[in-house]
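Undergrad: coordinates only, no sequence provided:
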């Protein structure tokens, strides 16, 4: 079978590999779609401290079961499934307290285990043990199901930021994550949703799809000033930084209303993780700043439900569909910001 393996930064190879065999507690699937994201770009350029090469990449996975291990119950060949990316241990203090997204012993598909840039892959028993293999609802395609993983992360972020009825929400970053934030905020009852991005072409492409109430973008535009104008000087109830930008995080604090919430959704580069924070704004406005780190198995299941119900449509966000042999072109497309969502169809 064909796989796309990471060997070193700048070195991802599409190569032949034997089909894997499931262990007693594992499930083997035929991968139908594995979507790409900015994390794949980072791994391609810089590697990752959890990846021991060679490793099959890909963590936004959907497919169908072709074989189950001898100890597996409740699953049969032909079942359509979506696979979680982040695998909590289920046993540590954080997991026992229900904080699965911050499990210190978390492992990941495509990092610790071979992922979905392959024709076939094994879903390890550890995924099944934490209810991380989800049935794809009727009417949901494999490509849509693969987008459940990033939507699950977005859901976690908006739960932590308490996005709700009537909120003015600003999303900084018009990539696929920003688009999902816009749609999820609407489904949660937000009053107005504003989408901002420095790249006017990317912003226009995203806005054409997700139809925010307003857009802010382009060189030289003062995003903070524009948000204040749109909100009558009050600021936004929720600001989500859906970009790996320290400047966006600093701006978010300046444009948030009293008792507003800020989600630092996009992580910063590890060699430059610090920002200048006006702590008096946090203090006197009683602001809440929250992080957002991945998703739990529950978030993945709920994301599939949101897609199936039509509450958060995702099919139109998939702008590029490519075969596995063109995965490097797909990662480059993501890096150049000329797509919303790119999915690989092995």
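TA: Cool, the structure landed. Keep in mind that this is a model prediction, so the values were computed, not measured. Residues are numbered from 1 along each chain as shown.

Undergrad: so who does residue 100 touch?
TA: By CB atoms under 8 Å, 6 or more residues apart in numbering, the contact list for residue 100 reads 88, 90, 94, 130, 296-298. (Each C-beta comes from the backbone N, C-alpha and C, glycine too.)

Undergrad: nearest to residue 116, of those residues?
TA: The shortest approach to residue 116 among those belongs to residue 297, at 16.9 Å (CB to CB).

Undergrad: just to check, residue 339 is in contact with residue 321?
TA: No: using CB atoms under 8 Å as the test, residue 339 is too far from residue 321 to be in contact (10.5 Å).

Undergrad: the two: who's more crowded?
TA: Ranked by neighbour count (other CB atoms under 10 Å), residue 339 and residue 321 place residue 339 first, with 20 against 14.

Undergrad: ok so the more buried one is a strand residue?
TA: No: using DSSP: H, G, I helix; E, B strand; the rest coil, the assignment for residue 339 is coil, not a strand.

Undergrad: which residues sit in contact with residue 332?
TA: Per CB under 8 Å, 6+ apart, neighbours of residue 332: none.

Undergrad: which SSE is it in?
TA: According to DSSP states H and E, residue 332 maps onto helix 327-336.

Undergrad: run through the neighbouring helices and strands of the helix or strand that contains residue 159.
TA: Element membership for residue 159 (DSSP H and E) is helix 148-160. Applying 3 or more CB pairs under 8 Å, 6 or more residues apart in numbering; DSSP states H and E, one finds that helix 148-160 contacts strand 60-68, strand 80-83, helix 176-187, strand 256-264, strand 288-291, helix 297-309.

Undergrad: export these to TSV and tack on mean pLDDT, distance to residue 276 and mean neighbour count?
TA: Shown next, in TSV, are those (pLDDT from 0 to 100; distance: least, CB to CB, whole Å; neighbours: other CB atoms under 10 Å):
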stretch	mean pLDDT	distance to residue 276	mean neighbour count
strand 60-68	98	34	23
strand 80-83	98	40	25
helix 176-187	98	23	26
strand 256-264	98	14	21
strand 288-291	98	14	15
helix 297-309	98	32	21
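
Undergrad: TSV for these, including distance to residue 52?
TA: Shown next, in TSV, are these (distance: least, CB to CB, whole Å):
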stretch	distance to residue 52
strand 60-68	20
strand 80-83	20
helix 176-187	27
strand 256-264	29
strand 288-291	27
helix 297-309	25
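
Undergrad: which one, of those, ends up nearest to residue 137?
TA: Across those, residue 137 has its closest neighbour in helix 297-309 (3.8 Å, CB to CB).

Undergrad: following the chain onward from that closest one, which element is next?
TA: If you walk from helix 297-309 toward the C-terminus, the next helix or strand you reach (DSSP H and E) is strand 318-323.

Undergrad: ok, residues contacting that following strand?
TA: Contacts to strand 318-323, defined as CB under 8 Å, 6+ apart, come from residues 35, 143-144, 147, 329-330, 333, 339-346.

Undergrad: note down every partner strand of that strand and its orientation.
TA: strand 341-345 (parallel) (DSSP bridges).

Undergrad: for residue 226, give me its contacts.
TA: 196, 216.

Undergrad: heads up, I number from 6, so please use that
TA: Understood, numbering begins at 6; the last thing we discussed is residue 231.

Undergrad: what's the helix or strand for it?
TA: Element membership of residue 231, judged by DSSP H and E, is helix 228-235.

Undergrad: okay, buried residues for that helix please.
TA: Using 16 or more other CB atoms under 10 Å as the test for burial, helix 228-235 gives 228-229, 231-233, 235.

Undergrad: break down the stretch 6-155 of the chain into its helices, ranges please.
TA: Secondary structure of the stretch 6-155 of the chain (DSSP state H, counting those that start in this stretch): helices located at 43-51, 98-101, 130-134, 147-151, 153-165.

Undergrad: can I get those helices in TSV with mean pLDDT and distance to residue 185?
TA: TSV is the format used below for the helices of the stretch 6-155 of the chain (pLDDT from 0 to 100; distance: least, CB to CB, whole Å):
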stretch	mean pLDDT	distance to residue 185
helix 43-51	91	13
helix 98-101	97	25
helix 130-134	98	23
helix 147-151	98	12
helix 153-165	98	4
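
Undergrad: switch those helices over to a markdown table; also include distance to residue 31.
TA: Formatted as a markdown table, the helices of the stretch 6-155 of the chain follow (distance: least, CB to CB, whole Å):
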| stretch | distance to residue 31 |
| --- | --- |
| helix 43-51 | 24 |
| helix 98-101 | 21 |
| helix 130-134 | 5 |
| helix 147-151 | 20 |
| helix 153-165 | 20 |
